[in-house]
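Enquirer: Predicted model and sequence follow; I will ask about them next.
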Amino acid sequence: HTQELTSTATGMWRALGLAAVVTGSAGQTTDLETAMLDGIKAPAIGAWLENLTSTPHLAGTEEGEMVAKWYQELLATALQPIDVATVDLDTHDDVLLSYDVSASLEILGVNATLREAAFRQQDPTSDTEWNGRIWNGYGASGEVENVEVVYANYGRPADFVELADYNVSVRDKVVLVRYGECFRGVKAHQAELRGAAAVLIFSDPEEYGGPSYPANVYPQGKYLPGSGVQRGSVLNLPRCPGNPRGRGRVCGYSEAELLPSIPVMPLSADNARAILETLGGDPVPPAWQGGLPGLQYTFGPGSMVNLTIENTREVRSIHNVIATIPGSLDPRKDTPVLLGNHRDAWIFGAADPNSGSASMLGVATGLAAAWTAGWRPNRTVILGSWDAEEFGIIGSTAYAEANENYLEQAAVYLNVDTAVSGDTFGAAASPSAVGAVVKAVTDLRSIPPITSASVGPLGGGSDYAPFLNHLGIASVDFGFRDPEGYPVYHSVYDSYAWMTREGDKNFENHKRVAELWGLLAMRFASSNLLPLNVSYTAERLEGYSAEIEAALKISPVEGNLEALTAAIATYKAEARSFMSRLTGSALNNTLLAESERAFLDSRGLPNRPWYRNLVMASGYNLGYGAMTFPGLMQAILDEDSATFNSQVKALASAVERGSESFRDGRPPATDPQVDPPGEDKTNPAVIVALCVGIPFFLVGTILLVQKLSKMSKTDGKLGPTTYGTRSPVSTVTDDGTSTEV
């Protein structure tokens, strides 16, 4: 049923043409933009990438701090011609991170090799101690002895429901699932909910091995070898990204609710085969069959494993690097432009994320060249090199939450995570920013192979999440991808050697990413009128609504979209009117910059208070993947009519706030009914008034009660009154524990 809904939604999306495919001939760039483009050099980007990937640099480690300080120096050097630019370390202490100590796995009494193969000649950095560091961040320590295994496909909720339909239980079993379709933290959480003893997540050749597996695996080809392993965090990201410790009031969840309590470990295809070959049980349906050659996958239970995992959860410091180029506008009228990429990697991270980190240095040199040619931005430009994204989008979230007041007027956040992992350009964006992306791609004469840009919605799987999902800042994410996927993701083979052999040999795609990034930054920072189009937002809202309508027709949920449809129609009319009378005034730029804020609800999405943007977020059971009108779609998937109808009301109100903003010429506010979690809105004057007034109120109440009692006893004019009791209100404290008030 879930797959049917998803298929219908996807089909509706394509039928409506909402992927914003735009084609066109090369356009124009100004002299200053051309100076920026000329300042970006592919060989320099390649050299930076080689240096960045010369050592592992996981967040919270000495190497991670060393690379942060080195990156600060590189960024400062690149921006040196801009005499007003500053480059600072933004350090955050008391961050809970997770590291491996040891791991062992026995399959039917035979020790499994938990180590990725080294290819010293073709890839020198693959011969490292990190080959044998196989773990999932935040996975619990534990020991499982002589326990049977059950295969659960991708570990999605629907997969566990299907298992139950086949009368296969995962309780007290080790659950074997394959990577793909949803975030690994979702897989761990779903297994834990059903009483599993542990989770093993393997890289199936169907997703990572290519069509001729194992003939074309690295280093003979781009695909993941049979010994390859995908590391990664299993933080419950759909509930709340960021530091899992001490943010209960912001997240709505305690540390214990964000982290798994059972062992979780990644597994290679070779080790998964050893389990699947001895699993037993009934054959799985075709959709569950993976890509291990010559092997019929079965449900189990069977095989027998001993698993021992020792991981640590440690409080350490992380280090963002923040470069600032001040704009010429008065701070009260400034609408800052942010660019961001994370720097930390599970090991070397040539594609994820340092292809983006090297490209950002290219942007810096380009902006410096434009400055030398006479460019002076109207708006402040901020370049953020984030730390600890791999653990759960921690560095960017810490920065965004700490600077929420300053970022209230931010115009846009331009994100590049993995700049290059293939040859196909792709982008996703907030609807209002789609036009700017498409025009910049069209105008870039340096990228003739790209003749169209398909710009989809954003989810929550990278550093745009705190800016878009929590603060309501229009965001963009882009890069060059491989349509077949990114096989060496989070493995020891995501290296400089892989990039030069299989990814981007001459770093031309890196250069193109830097050019597009710089061009967007200059246009957002310099144009008199921000290049945001809220009329297109209206068109997208109509499309998202049609998608929900289609899903609703095949769902048992009882509800309708009449209020939302009417609100969107009004928004469309007001947005068109607003865009038709636009000038480059400070007020209009503020209204454009803050138009996305209208879609924030201080209560957040259902069961997800941190995610305040009602229009787009990651799916609750996807983790990374985008879901538009996520509260409505999740209610449909959950078959929850009450939540569906409350979300229709909330969304309609949000859209109406946007309409009012365009009509009245005032920036929108978030839903005024509830204050944002964790924010103290108490007015000192109110406290004084209460302290003075309460004693008088109590005295008056006592006198009144005495009088009423006397009246009741004497003449019966006022009989006894029954008062109801008030239900306790549940709140969440700083450490995430629940108390009743």
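Expert: Cool, the structure landed. For clarity, every value in this text was computed on a predicted model and none was experimentally measured.

Enquirer: CA atoms for contacts and neighbours, from now on please.
Expert: Will do.

Enquirer: low pLDDT regions in the chain?
Expert: Within the chain, the ranges that satisfy pLDDT under 70 run 1-27, 446-453, 669-741.

Enquirer: how about a cut-off of 80?
Expert: 1-27, 445-453, 669-741 (pLDDT under 80).

Enquirer: need the longest strand for it.
Expert: In the chain, taking DSSP state E as the definition, the longest strand is strand 302-325.

Enquirer: That strand packs against which elements?
Expert: helix 62-78, strand 86-107, strand 142-151, strand 381-386, helix 394-402 (3 or more CA pairs under 8 Å, 6 or more residues apart in numbering; DSSP states H and E).

Enquirer: any idea how far that strand is from the chain center?
Expert: What separates the centre of strand 302-325 from the centre of its chain is 18 Å, taken as CA atoms, centre = their mean, to the nearest Å.

Enquirer: Likewise for stretch 154-168?
Expert: Offset of stretch 154-168 from its chain centre (CA atoms, centre = their mean): 26 Å.

Enquirer: now do stretch 592-611
Expert: That offset, for stretch 592-611, works out to 15 Å (CA atoms, centre = their mean).

Enquirer: send the alpha carbons of it over as CSV?
Expert: Only the C-alpha atoms of stretch 592-611 are listed here, as CSV (Å, rounded to 0.1, in the frame of the first residue of the first chain):
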residue,chain,number,x,y,z
LEU,A,592,11.2,38.0,-0.8
ALA,A,593,13.9,36.8,1.6
GLU,A,594,11.4,35.9,4.3
SER,A,595,8.7,34.5,2.1
GLU,A,596,9.7,31.0,3.0
ARG,A,597,9.2,31.8,6.7
ALA,A,598,5.5,31.9,6.2
PHE,A,599,5.5,28.1,6.0
LEU,A,600,7.0,27.7,9.4
ASP,A,601,4.8,26.4,12.2
SER,A,602,6.3,26.8,15.7
ARG,A,603,4.7,23.5,16.7
GLY,A,604,6.6,21.7,14.0
LEU,A,605,5.5,18.7,12.0
PRO,A,606,3.5,16.0,13.9
ASN,A,607,5.9,14.2,16.3
ARG,A,608,8.8,16.3,14.8
PRO,A,609,8.8,19.7,16.6
TRP,A,610,12.3,20.6,15.3
TYR,A,611,11.1,20.3,11.6
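
Enquirer: quick one: buried residues of it?
Expert: Across stretch 592-611, burial judged by 16 or more other CA atoms under 10 Å covers 592-606, 608-611.

Enquirer: Okay, strands next: where are they in the stretch 501-650 of the chain?
Expert: Here the stretch 501-650 of the chain has its strands, by DSSP state E, counting those that start in this stretch, at 616-618, 626-628.

Enquirer: looking at those strands, which is buried most?
Expert: Highest mean neighbour count among those (mean count of other CA atoms under 10 Å): strand 616-618, with a mean of 25.

Enquirer: circling back: the longest strand of the chain pairs with which strands?
Expert: In the sheet, strand 302-325 lines up against strand 86-107 (antiparallel), strand 142-151 (antiparallel), strand 381-386 (antiparallel) (DSSP bridges).

Enquirer: tell me the angle the longest one makes with helix 62-78.
Expert: Counting by axes from the mean of the first three to the mean of the last three CA atoms, to 10 degrees, strand 86-107 lies at 150 degrees to helix 62-78.

Enquirer: which strands and helices sit next to the next helix or strand after strand 86-107?
Expert: Where DSSP states H and E defines the elements, the next helix or strand beyond strand 86-107 is strand 110-111. For strand 110-111, not one helix or strand is in contact under the criterion 3+ CA pairs under 8 Å, 6+ apart.
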